[in-house]
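Asks: I would like the atomic coordinates for the input below:
(chains A and B)
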Amino acid sequence: MMNSVTRKAGVVAATAFGVILVSGSIEGSLFAQEKLPEGFKKGDLAPEPAAEMIEAGKRVYFTKCVWCHGVDGAGDGPGADRLWPRPRNFNQGTFKIRHTASGELPLFDAKKPIPGQNDLFETVTHGLPGSAMPPWEGILTEEQRLQVLSFVTTQLVKDRKFTDKQSESQTILQLAELKPKAATDESKKRGSELIVEKKCIECHGVEGRGDGNAFNLKDDWGFPIQPADFHKCWNFRGSRQDPYNVGNIFRTFSTGVNGTPMPSFADNTTVDERWDIANFVNSLCERDTVGNPLPIDPLTDKPKINFVVPSNLVEGEIPADMENEAWQKAPKRYVAMGGQITHKPRNFVNRIDDIWVRSLYNDKSVVYLLEWDDRTKSVAEGKLPWAPMQVNIEIKEQDPKTGEEGSIAANQNKYAIYNDAIAIETAVKWKELPAPIKPRFLFGTNDQFPVDIVKWEADGSIRAFLGTGWDKDFIERDTYEENLKVLKGEWKNGRWYVMIQRPLGNKKDQDYEEDTFFEVGQYIPTVFFAWDGHNGDAGRKMAVSAFYYTFLNPPIPRETYIYPVVIAFGVVLLEGWVLTRRANKKKGKTL
Amino acid sequence: MKALMSIGALVGVVGLLLLVGMIFDVIPSNTVRLVEGYMPFQMLLEFTCYVAGFAGLSYMASSIGMAIPRFWQGIGFWAFVLLYLKFRVYPPIPFSVRAMYGTVSLVAVFMWVSANEEDWKEFKRPIMNVLDASSGTNKLLRYAYLILLPIIIGGFSFNAMVPKSEEPIELRTVHPAPPASTKVHGKTFVLQTSQNPYRVNPEGKYDQEFTNANIVEQGMGRLMKPNANPWDEKNEGYLKYVREGGEIFFQNCHFCHGDNLNGRGLHAFAFNPIPANFTDPGTIAQLQETFIFWRVSKGGIGLPNEGFPWASVMPPWEQHLTVDEIWKVVLFEYWHTGYYPRTWD
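Replies: Residues are numbered from 1 along each chain as shown, chains lettered A, B, ... in the order given. Below is the predicted model:
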């Protein structure tokens, strides 16, 4: 407790020092107005919101916000300890997404809810994707959003004052007036060189998957923080529900992210260079095969999900090379992953939130190619304290309330390291169960309705299990394991590429009671599990998907070509009949 | 009359431009958002505007001597209904439902064009003209139809027959019939007679009226009543328990059910079926408190088969929470959404 008080005091002192520094630099800039970074203009502080607005905002705050942000706005509400990133501590006036220069307060004017001119209003309106902050548009009226912000900026921001002309200033990025540069190949190429030159890759990684220096970064409050993954633009905090908009990247790059190690690059880049970088970063975000942005589901602000994973037929051996044409042509599916929060130990913070799945099959086997971003390659050192098939293992789950020091956010990088792993679970007796009944998604229903689990771990092992219930240890199937093959298992620049081959199963030769029979043209219920070893994931502490379906694309049957022709011929006959009738009738009339 | 019609026409033009803009993605489709909870009214209002607009437009057209034939009016209106349902309504309506609406509106259009013999004749005329090939253009059209129709229909049937991998449709019962009683932490609760022990007034007596008076206000935002702040230290009874329930909710439930209890939590995007939206009038507002108690305690795994227990990620909360904590969470959910639990009588 004592510890926490001194630490808080330290933070306050540090912030105060920061304020002095900032104000000092502002005085400096007053002398040389022209020295503003390119694209910025001096702005005025907004007037104080009306007292009624503040009072009304309190009501909004204590209905909606207090549960995470806390009574005093210190980001310590009841929900805080199980969240990472932790909810914002408003007291210091540190806000991430702004149009203002690094270190300055964000734009907020209770009378001007205009996009581009009111940062905090936009944050509340659109939420902060990738965190627990939801978009409040459609829930709170515009008026209510302005009210609650009036309350937060005047009552809960304690160390700074939005209206204090002595200590605060606004140097505003003129984003609306800066025309985006066309995202030509040349511009993107220059951007790719600049992100090396400007050292972006030191934190964000060579491929921009956020895997560089991921372990030493802390925010202003001492909580571990991770660099953004450029390939998941829908998780950008500042994406404003418009993730493929290059302007958002340009803004973040120009103004920095206050409270985090992400600086502003306004001083050492020209506007032109910043557009090049923004264009390049934007081009890294996942796109479909022809390069169009993925369709985003407006209800979740994530890519739209297709629950069918189609598998194409290949003649002969299934290639292990990802660059092979067969893999390039195979449809790639986005599989959304959530934390396993059904049974203990619950995984409130899953660091793997999606995997990309492709599949191919031939007459004997089916191969899954699984790719997912994981900032850290985790291979357990030494022997793990439990056997591979054990599910009920000793891992503590986060207590609901432990204070800042004991929160998930504070302990993020302190877990014992286990193996990264991925598993494909398929229903064993999917055909005997009347649709839509399936064995339970979490390790099967019981002995009668089990699941077939194939699990790969980062130590290179691949195992087959039978799952007979969420709290039952797996049954290992040693004899089956020789049928499995890892065609690829590589971690490169923040991404795992794993290719797993397994038999299609055969009702005649193999025991259909124990493993899944992959029948062509049928929907085979499939669930994916993923573990991040650096997140302390093991046993049931993992990321899970919903039920997807593996679908082995059948060759097109001959009837498909015959019937349409017959139907078309029928239509021709019908046309003839109608016309003759009409002609006869007319003749009858005229005669 | 004329002024009224021109206003109608103006509304029609603006509305049509908006819709066309949305279809071609020129205008972002969320420019005018359909607001959750107010959608049916908003849609009715919009439809009224459109009908007024069309009436105005057709009046204007005929008054400047460019009357639109009945035939094209009917087809145009039907096409409008289909496009509106497809592009304007969000969340998207499944094709089967749209097909139903489409059929109903087609019947309506037919009734309109065949209201009397004259109208019907006028409607039929373009079709007959093509059939009879009365002019050069019509002759050309007739040949085009003769060739195109079989090709199009054949193409459609080929498309329908090619093996596709579309997600199988599985219909799930969201509120299955509850059992008569449920056993939680060793204690049996009869659903018909159990009461939430925390629905009490400051004196500690079960008091539905008192608690209903202290829930959040209905209407946009669903804010707490000005003098009923659960975070007030002086609270006794109901509001104190609401706060305790809220703490449990925001430590356990919001991950899926969301900060606003609308089923859009942090992990919700990954799951199917999606988490329940408590602000929807079709969920907890339709149910008894004891039903929620049973659902929370037993979770997805405790559902009968029509509720898809195999796919639900809803935890059986008796594994994580005490009986008291579950009752408090239920209390909080009703407070935060502003709904009254249904009673058995």
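
Asks: tell me the SS of residue A:111?
Replies: Here residue A:111 is coil, with the state taken from DSSP: H, G, I helix; E, B strand; the rest coil.

Asks: could you give the number of residues near it?
Replies: For residue A:111, the count of nearby residues is 12 (other C-beta atoms under 10 Å in any protein chain shown). All C-beta atoms are positioned from the backbone trio N, CA, C, and that covers glycine.

Asks: quick one: contacts for it?
Replies: Applying C-beta atoms under 8 Å, 6 or more residues apart in numbering or on different chains to residue A:111 gives the contacts A:46-47, A:146.

Asks: enumerate the positions of stretch A:372-387 that are buried.
Replies: In terms of neighbour count (16 or more other C-beta atoms under 10 Å in any protein chain shown), stretch A:372-387 has its buried residues at A:372-378, A:380, A:384, A:386.

Asks: check the offset of that stretch from the chain's centre.
Replies: Relative to its parent chain, stretch A:372-387 has a centroid offset of 22 Å by C-alpha atoms, centre = their mean, to the nearest Å.

Asks: average pLDDT for it?
Replies: Computed over stretch A:372-387, the mean pLDDT rounds to 92.

Asks: so residue A:304 makes contact with residue A:293?
Replies: No: in this structure residue A:304 lies outside contact range of residue A:293 using C-beta atoms under 8 Å: 11.3 Å.

Asks: who's more crowded, the two?
Replies: Higher neighbour count among residue A:304 and residue A:293: residue A:293, with 16 against 13, using other C-beta under 10 Å.

Asks: which residues touch the spatially closest residue to the more buried one that is not a sequence neighbour?
Replies: Once flanking residues are discounted, residue A:293 sits nearest to residue A:244: 4.2 Å by C-beta to C-beta, 6 or more residues apart in numbering or on different chains. When contacts are counted by C-beta under 8 Å, 6+ apart, residue A:244 touches A:233, A:282, A:285, A:293.

Asks: ok, residue B:262 next?
Replies: A:139, B:36, B:277-280.

Asks: just the helices in the stretch 51-200 of chain A please.
Replies: Applying DSSP state H, counting those that start in this stretch to the stretch 51-200 of chain A gives helices spanning A:51-60, A:66-69, A:119-126, A:142-151, A:185-197, A:200-204.

Asks: buried stuff in the last one?
Replies: Right, helix A:200-204. By 16+ other C-beta under 10 Å, the buried positions in helix A:200-204 come out as A:200-201, A:203-204.

Asks: now swap in the fifth one and tell me
Replies: For helix A:185-197, the buried set under the neighbour-count rule, 16+ other C-beta under 10 Å, comprises A:187-188, A:190-192, A:194-195.

Asks: and the contacts of residue A:111 as CSV, adding pLDDT, distance to chain B and neighbour count?
Replies: Shown next, in CSV, are the contacts of residue A:111 (pLDDT from 0 to 100; distance: C-beta to the nearest C-beta, whole Å; neighbours: other C-beta atoms under 10 Å in any protein chain shown):
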residue, pLDDT, distance to chain B, neighbour count
A:46, 94, 23, 19
A:47, 94, 25, 11
A:146, 97, 12, 26
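
Asks: in CSV, list those residues along with distance to residue A:572.
Replies: Output for the contacts of residue A:111, formatted as CSV (distance: C-beta to C-beta, whole Å):
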residue, distance to residue A:572
A:46, 73
A:47, 76
A:146, 66
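
Asks: between the buried residues of helix A:200-204, which sits nearest chain B?
Replies: Among these, residue A:204 lies closest to chain B (C-beta to the nearest C-beta), at 23.2 Å.

Asks: possible to save the contacts of residue A:244 as TSV with pLDDT and secondary structure?
Replies: Listed next are the contacts of residue A:244 as TSV, based on pLDDT from 0 to 100; DSSP: H, G, I helix; E, B strand; the rest coil:
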residue	pLDDT	secondary structure
A:233	96	helix
A:282	97	helix
A:285	96	coil
A:293	95	strand
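
Asks: which of those residues tops the neighbour count?
Replies: residue A:233 (26 neighbours).

Asks: thought that residue was touching residue A:239?
Replies: Yes: between residue A:233 and residue A:239 a contact is recorded at 6.1 Å, counting by C-beta under 8 Å.

Asks: overlap in contacts of those two?
Replies: What both residue A:233 and residue A:239 touch, as defined by C-beta under 8 Å, 6+ apart, is an empty set.

Asks: what's the helix or strand for residue B:194?
Replies: Using DSSP states H and E, residue B:194 maps to neither a helix nor a strand.

Asks: OK, contacts around the nearest residue to it once chain neighbours are set aside?
Replies: Nearest residue to residue B:194 in three dimensions, chain neighbours excluded: residue B:290, at 4.8 Å (C-beta to C-beta, 6+ apart). Counting by C-beta under 8 Å, 6+ apart, residue B:290 touches B:178, B:189, B:191-192, B:194-195.
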